[in-house]
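Student: Quick one: sequence and predicted model below, then my questions.
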Amino acid sequence: MSLYCGITRRRKSFWCCRLLSTYVTKTRYLSELKEDDDACKKAQQTGAFYLFHNLAPLLQKSEHQYLAPQHSLLASLQKPEMETELKGSFIGLRKALFQLNVKDASLLSTAQALLRWHDAHQFCSRSGQPTKKNVAGSKRVCPSNKIIYYPQMTPVVITLVSDGTRCLLARQSSFPKGMYSALAGFCDIGESLEEAVRREVAEEVGLEVERLQYSASQHWPFPNGALMIACHATVKPGQTEIQMNLRELEAAAWFSHDEVATALRKDNPSYQQQNGAFPFWLPPKLAIAHQLIKEWVEKPTCSILPA
Ligand SMILES: NC(=O)C1=CN([C@@H]2O[C@H](COP(=O)(O)OP(=O)(O)OC[C@H]3O[C@@H](n4cnc5c(N)ncnc54)[C@H](O)[C@@H]3O)[C@@H](O)[C@H]2O)C=CC1
Ligand SMILES: [Mg+2]
């Protein structure tokens, strides 16, 4: 789409005409919908919707995956009628997330986080009065004092610690049996990303991080929606003895490159006990922990940066 934009340079104004990319056009349109209730109402007439009931999306089961159908504006129906009419059922996101395609998983996670935030911010924490949502759902306003509340995310650091040849994986008692992951923890208020990584690694396994490198980030819907910030880190040479924090972890250990590479190749981990023990397996592909571990397996030196 061709758009005109006005720019000013050295006190001389002139107009230029350039083609905006599809991404820029879409982004600006979405930004307009957040601020303009009328434009948003208009968009809703032709928009496509995912349906939720008690934070569970309406999904259709197909072989080994779930499909997330989109719908136009519907007449108001009761839950059972809705499920029959649309040939699906409302299923908890925790159960379905790993059997959805990446695009649906991402959009449904975002939608659920937003719905949960609205549900928890019905009242102004200053006046106690009910807050009012705008049409797009991008904010809530207290009519009595005009305070605007915007949806919030909780930053969480997730760190794959390496000693140069091995990587450190751990498990909490709440993890599925046999699954190990990188170390994760909520950022404290006032902390930088680097400080949060250093503190979490020290708290959970008693080690001091020497160097760290940012890898990627991901929105994670559990338990209440977090921004996962993933890093590789190395510990000081010769300081690799794990002092596990038993309040947070059930197990933590160093794993060799071969052990991790083998576990990563298992597409369908066995959750069944074998000879009294649960086999070692890693988080599924969609989790950023999986990406961190894969990066390390493909390039074990990725966390070793020059001083
Ligand atoms: N996407 C991924 O690949 C992975 C995601 N995770 C996520 O990372 C998150 C954080 O990991 P944990 O080891 O549980 O964190 P953690 O190591 O910070 O321990 C959790 C404890 O921290 C305290 N805490 C401090 N701030 C908190 C806050 N804002 N919200 C909740 N609790 C807070 C609570 O006492 C809680 O029990 C988990 O919710 C988990 O879902 C964990 C591993 C992999
Ligand atoms: Mg933790």
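Tutor: Now that the structure is in, tell me what you want to look at. Ligands and ions are numbered 1, 2, ... in the order given.

Student: going forward, measure contacts and count neighbours with C-alpha atoms only.
Tutor: Fine.

Student: what about residue 112, helix or strand, and which?
Tutor: helix 102-120 (DSSP states H and E).

Student: Distance-wise, check the most centrally placed residue in the chain relative to residue 105.
Tutor: The centroid of the chain falls nearest to residue 219 when counting by Cα atoms, centre = their mean (1.7 Å). Computed with Cα to Cα, to the nearest Å, the distance linking residue 219 and residue 105 is 10 Å.

Student: Check residue 233 too.
Tutor: With Cα to Cα as the criterion, residue 233 and residue 105 are 29 Å apart.

Student: neighbour count winner among those two?
Tutor: The residue with more neighbours, out of residue 233 and residue 105, is residue 233; 26 against 21, by other Cα atoms under 10 Å.

Student: Got phi/psi on the more buried one?
Tutor: phi -140, psi 150 (degrees, to the nearest 10).

Student: Adjacent strands (with direction) for the helix or strand containing residue 58?
Tutor: If you go by DSSP H and E, residue 58 is part of strand 56-62. Sheet pairing of strand 56-62 (DSSP bridges) gives strand 52-53 (antiparallel), strand 65-67 (antiparallel), strand 89-90 (antiparallel).

Student: The ones you listed into JSON lines, with extra columns for mean neighbour count?
Tutor: JSON lines is the format used below for these (neighbours: other Cα atoms under 10 Å):
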{"stretch": "strand 52-53", "mean neighbour count": "16"}
{"stretch": "strand 65-67", "mean neighbour count": "18"}
{"stretch": "strand 89-90", "mean neighbour count": "19"}
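
Student: So which of the ones you listed is nearest residue 295?
Tutor: Relative to residue 295, the nearest member of the strands paired with strand 56-62 by Cα to Cα is strand 65-67, separated by 26.3 Å.

Student: Need the per-residue pLDDT for the nearest residue to residue 109 once chain neighbours are set aside.
Tutor: Leaving aside its sequence neighbours, residue 109 sits nearest to residue 221 (Cα to Cα, 6 or more residues apart in numbering; 5.4 Å). Looking at residue 221, its pLDDT reads 89.

Student: how far does stretch 85-102 stretch from start to finish?
Tutor: End-to-end distance (Cα to Cα), stretch 85-102: 26 Å.

Student: does it come close to ligand 1?
Tutor: No - using Cα under 6 Å from any ligand atom, stretch 85-102 stays clear of ligand 1, coming no nearer than 10.6 Å.

Student: quick one on the thing from earlier: next, count neighbours for the residue nearest to residue 109.
Tutor: 21.

Student: OK, contacts around it?
Tutor: Applying Cα atoms under 8 Å, 6 or more residues apart in numbering to residue 221 gives the contacts 109, 110, 112, 113.

Student: do residue 72 as well
Tutor: 45, 46, 47, 48, 49.

Student: Distance check, residue 124 against residue 251.
Tutor: Where residue 251 is concerned, residue 124 sits at a distance of 42 Å (Cα to Cα).

Student: Ok, residue 100 next?
Tutor: 30 Å.

Student: Comparing those two, which residue is more hemmed in?
Tutor: Legend: neighbour count by other Cα under 10 Å for residue 100 and residue 251, higher for residue 100 (20 against 15).

Student: Spatially nearest residue to that one, not counting backbone neighbours?
Tutor: Nearest residue to residue 100, sequence neighbours excluded (Cα to Cα, 6+ apart): residue 66, at 5.3 Å.

Student: which ones are touching that neighbour?
Tutor: For residue 66, the contacting residues are 59, 60, 96, 99, 100, by Cα under 8 Å, 6+ apart.

Student: Mind pulling up the pLDDT for it?
Tutor: 95.

Student: what does residue 75 give?
Tutor: Residue-level confidence at residue 75 comes out at 71, pLDDT.

Student: and if you look at residue 155?
Tutor: pLDDT, residue 155: 97.

Student: For ligand 1, see how far away it is.
Tutor: Residue 155 sits at a distance of 8 Å from ligand 1 (criterion: Cα to the nearest ligand atom, to the nearest Å).

Student: now do residue 167
Tutor: 15 Å.

Student: pretty sure that residue is touching residue 161, no?
Tutor: Yes - counting by Cα atoms under 8 Å, residue 161 is a contact partner of residue 167 at 5.7 Å.

Student: Would you mind telling me which of those two has the busier surroundings?
Tutor: More neighbours surround residue 161 than the other of residue 167 and residue 161, with 27 against 23 (other Cα under 10 Å).

Student: who touches the closest residue to the more buried one other than its chain neighbours in this structure?
Tutor: Of all residues not flanking residue 161 in the chain, residue 233 sits nearest, at 4.8 Å (Cα to Cα, 6+ apart). For residue 233, the contact set (Cα under 8 Å, 6+ apart) comprises 159, 160, 161, 162, 209, 210, 211, 212, 213, 303, 304.

Student: Residue 233 pairs with what?
Tutor: For residue 233, the beta-bridge partners under DSSP bridges are residue 161, residue 212.
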